[in-house]
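Peer 1: Structure for the following, please:
(2 chains)
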Amino acid sequence: MTEPTATAPAPEPEKKLTLAGTPTSPDFIREIVIEDQASGKHGGRVVTRFPPEPNGYLHLGHAKSICLNFGLAKEFGGRCHLRMDDTNPAKEEMEYIEAIHRDVAWLGFSWGEHEYYASDYFEKLYQHAETLILRGLAYVDSLSADEIRAHRGTLTAPGKNSPYRDRSIEENLDLFRKMRAGEFPDGAHILRAKIDMASPNITMRDPALYRIRRHTHPRTGDAWCIYPMYDYAHPLSDELEAVTHSVCTLEFEAHRPLYDWLLVSLDTPNRPQQIEFARLNLTYTVLSKRRLLELVNGKFVNGWDDPRMPTLSGVRRRGFTPEAIRAFCERIGVAKRDSMVDVSLLEHAVREDLNARSPRVFGVLRPVKVVIETYPEGEVEHFDAVNNPEDPSAGTRSVPFSRELYIEADDFREDPPKKFFRLAPGREVRLRYAYLVTCKEVVRDAEGNIVEIRCTHDPASRGGNAPDGRRVQGTIHWVSAAHAVDAEVRLYDRLFSVENPNAEESYLDKLNPASLEVLPHAKLEPSLAGKPAGWLCQFERLGYFCADPDGTPGKPVYNRTLTLKDSWAKIEAKG
RNA sequence: UGGGGAGUCGGCAAGUGGUAAGCCAGCGGUCUUUGGAACCGCCUAUCGGAGGUUCGAAUCCUCCCUCCCCAGCCA
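Peer 2: Below is the predicted model:
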């Protein structure tokens, strides 16, 4: 535990910029923090926390919260705690705790020494509960769960007091101690706050504070058989850590009176302030741990880190960068309005980052053999290719060229439609960085499939330009057949086929059957063998790709992160 | 029907009494050895609705409408 430290002079809040570089105005939470700091509230300190329950993997919705909480701390000279909200051992696991560490760090934030667990506070929380009992503000109820529900009333009808509501302080204390000592079976009793069963806010109708639940806890093992509820543990954990601004999502807004009630009832020295914002919703995906767990358990995807998943481990494997995700989180803003962000905004942020940083390479997804009849057999020459036109310092690489090549099946049309500028019978195109070639013949097999395209080249066009200055409308990429690396390439598309799968009766029915396409024999330029998992690049004209951990030195596997914008596809779609 | 929130361009989102930023998407164009990138235009929103206050309102007041959250011993 870290005690609040003396007030340090607040540094000027960092000037926030959008991706485009224009200044942005502070969101409503930052406005609150600015005011609090100006007025000296909380001694001018800013302490936030990111409090995940380790019951699943972090997803893009969490990224919004992480960026907000850690961003606030950084901008206002404070700190942000990473706190595992581990008050329900039935759902929590070490695996999730480890994944949370990995994902937060990967996103680019560090909590330093400030890693906490609600379970570390179990003893203190227990003592606070006894204090509440002593003050006549909590009681042990012996109604069953069903009876409690029946007594709670409805949205419009007040609840009724439990017959156990007026037990003496002594009896309550005795029973609560016996609850802790394990003298009762699960569910026999429960500790409740004594507030108001007629409150119009259902949260305030004597909320449960502690339940008996025999379950081995990932961290405390079998030390406890009673566990605190979120509504009880959360404000007190914030208080113990001297958190100043406790940022959470909208659904907890109605719980704020209870949050404050506990701090006042226990007369705590620190008074953290709960502030609620709208959670992230993204088109064509689901962002709820429950649903993501179902996708994993139901084998609808290949695990939490399936590249189609909106989990941080999934988008990482897909090739999204932390920089892009942070930029995305900045762009979507923070507000209280329920909203649904277009996934294209995320994709834009990813492309923007990848365009600037990824080396360009040649990869042919659906190969078709091309033979340059006029090129000598057995000859090999090397062409220098620019690694990244956006970054001259990235330099160049050497790419081998020979008589037999692979080109993209999509780059050839026997009967080219209007505006199709690629290869077709009789047409001349540029093989990028190499030669101008002209298609002379198409060779087919018995079934009529194209097995080979035969071309001639203009030796004078070495490098890609003809000395006579003639222009060519298309430039296509290629890979030397003899030098090609055989690879598996996985193409991904949106996981769901509808914008808002959450609105569906059964969101599982709306899974996109074409969300994954595996191309077993793509042909890549030789430099692509043996790249480490996670290595990012752009396959020219196709999209951004990254090496997948499933690859081996002899058979790399590449994931398509995103396609490049494809204006030809647009033209073609319009007919 | 109780309580708590929210309603500004197709999607996010600025604006906090002085006469509606920006981004994404979309559309058109320039350029191009990635039909990528970049660049240039367009995208003509009166601000959920109706009243009212005011010289002047998205911004203040009133009433209404719509949407979201809450009846776990989940978080």
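
Peer 1: and stretch A:533-543, how far apart are its ends?
Peer 2: The first and final residues of stretch A:533-543 sit 18 Å from each other (Cα to Cα, to the nearest Å).

Peer 1: That one: which residues count as buried?
Peer 2: For stretch A:533-543, burial by neighbour count (16 or more other Cβ atoms under 10 Å) applies to A:535-543. The way it works is simple: take the backbone N, C-alpha and C, and place the C-beta from them, glycine included.

Peer 1: contact partners of that stretch?
Peer 2: Contacts to stretch A:533-543, defined as Cβ atoms under 8 Å, 6 or more residues apart in numbering, come from residues A:316-317, A:319, A:321, A:354-355, A:357-363, A:365, A:408, A:432, A:476-477, A:524, A:528, A:531, A:544-549, A:551, A:558, A:560-564.

Peer 1: Pick out the residue of the stretch 401-550 of chain A closest to RNA strand B.
Peer 2: Among the residues of the stretch 401-550 of chain A, A:Gly464 lies nearest to RNA strand B; the distance is 2.2 Å by Cβ to the nearest atom of the strand.

Peer 1: And the nearest residue to that residue once chain neighbours are set aside, how close does it get to A:Trp478?
Peer 2: Here the nearest residue to A:Gly464 in space, its sequence neighbours aside, is A:Arg430; by Cβ to Cβ, 6 or more residues apart in numbering that works out to 5.2 Å. Distance of A:Arg430 to A:Trp478, computed by Cβ to Cβ, to the nearest Å: 10 Å.

Peer 1: likewise A:Asn201?
Peer 2: A:Asn201 is 68 Å from A:Trp478, by Cβ to Cβ.

Peer 1: now do A:Gln538
Peer 2: 16 Å.

Peer 1: go on, A:Met84?
Peer 2: Spatial separation of A:Met84 from A:Trp478 under the definition Cβ to Cβ is 52 Å.

Peer 1: ok, back up a step: what's the most distant pair in the buried residues of stretch A:533-543?
Peer 2: Pairwise distances among the buried residues of stretch A:533-543 were taken by Cβ to Cβ; the largest, 19.4 Å, belongs to A:Trp535 and A:Arg541.

Peer 1: any chance of the buried residues of stretch A:533-543 in TSV, plus pLDDT?
Peer 2: Shown next, in TSV, are these (pLDDT from 0 to 100):
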residue	pLDDT
A:Trp535	98
A:Leu536	98
A:Cys537	98
A:Gln538	98
A:Phe539	98
A:Glu540	98
A:Arg541	98
A:Leu542	98
A:Gly543	98
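
Peer 1: between these, which is nearest A:Arg135?
Peer 2: Proximity of the buried residues of stretch A:533-543 to A:Arg135, judged by Cβ to Cβ, is greatest for A:Leu536, which lies at 58.4 Å.

Peer 1: and that closest one, bridged to which residues?
Peer 2: Listed beta-bridge partners, A:Leu536: A:Cys546 (assigned using DSSP bridges).

Peer 1: next one: A:Val443
Peer 2: With DSSP bridges as the criterion, A:Val443 is bridged to A:Glu452.

Peer 1: That one contacts A:Val451, correct?
Peer 2: Yes. Taking contacts as Cβ atoms under 8 Å, A:Val443 lies within contact range of A:Val451: 5.4 Å.

Peer 1: distance from the centroid: which residue in chain A tops it?
Peer 2: No residue in chain A has its C-alpha farther from the mean C-alpha position than A:Asp468, which lies at 52.6 Å (Cα atoms, centre = their mean).

Peer 1: how about the strands in the stretch 451-575 of chain A?
Peer 2: Taking DSSP state E, counting those that start in this stretch to define them, one finds strands in the stretch 451-575 of chain A at A:475-476, A:478-480, A:485-492, A:516-524, A:536-539, A:543-547, A:557-563.

Peer 1: can you list those in a markdown table and add distance to RNA strand B?
Peer 2: Formatted as a markdown table, the entries for these read as follows, by distance: least, Cβ to the nearest atom of the strand, whole Å:
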| stretch | distance to RNA strand B |
| --- | --- |
| strand A:475-476 | 4 |
| strand A:478-480 | 11 |
| strand A:485-492 | 16 |
| strand A:516-524 | 15 |
| strand A:536-539 | 6 |
| strand A:543-547 | 8 |
| strand A:557-563 | 9 |
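
Peer 1: Out of those, the one nearest A:Asn302 is which?
Peer 2: strand A:516-524 (8.6 Å).

Peer 1: Pull the residues that contact the closest one.
Peer 2: Taking contacts as Cβ under 8 Å, 6+ apart, the residues outside strand A:516-524 that touch it are A:308, A:361-367, A:406, A:479, A:481, A:484-493, A:539, A:556, A:558.

Peer 1: How many neighbouring residues does A:Val443 have?
Peer 2: By other Cβ atoms under 10 Å, the residues close to A:Val443 number 12.

Peer 1: Skipping its backbone neighbours, what lies nearest A:Pro235 in space?
Peer 2: Leaving out its chain neighbours, the residue that sits closest to A:Pro235 by Cβ to Cβ, 6+ apart is A:Tyr259, at 4.3 Å.

Peer 1: give me every residue that touches the one you found.
Peer 2: By Cβ under 8 Å, 6+ apart, A:Tyr259 lies in contact with A:231, A:234-235, A:246, A:274.

Peer 1: Out of those, give me the two with the largest separation.
Peer 2: With distances taken as Cβ to Cβ, the most widely separated pair in the contacts of A:Tyr259 is A:Asp231 and A:Ser246, at 12.7 Å.

Peer 1: who has more neighbours, those two?
Peer 2: Counted by other Cβ under 10 Å, A:Asp231 and A:Ser246 do not tie: A:Ser246 has more neighbours, with 24 against 19.

Peer 1: now the more buried one, which residues is it bridged with?
Peer 2: Legend: beta-bridge partners of A:Ser246 under DSSP bridges are A:Gln274.

Peer 1: Distance-wise, check A:Arg149 relative to A:Leu143.
Peer 2: 9 Å.

Peer 1: circling back to that earlier point, what is in contact with A:Arg430 and A:Trp478 at once?
Peer 2: Among the neighbours of A:Arg430, none is also in contact with A:Trp478 (Cβ under 8 Å, 6+ apart).

Peer 1: what sits up against the helix or strand of chain A with the lowest mean pLDDT?
Peer 2: Lowest by mean pLDDT, DSSP states H and E among the helices and strands of chain A is helix A:567-574, with a mean of 91. Helix A:567-574 is contacted from outside by A:417, A:419-420, using Cβ under 8 Å, 6+ apart.

Peer 1: Just want the angle from it to strand A:557-563.
Peer 2: Here helix A:567-574 points in a direction 70 degrees away from that of strand A:557-563 (axes from the mean of the first three to the mean of the last three Cα atoms, to 10 degrees).
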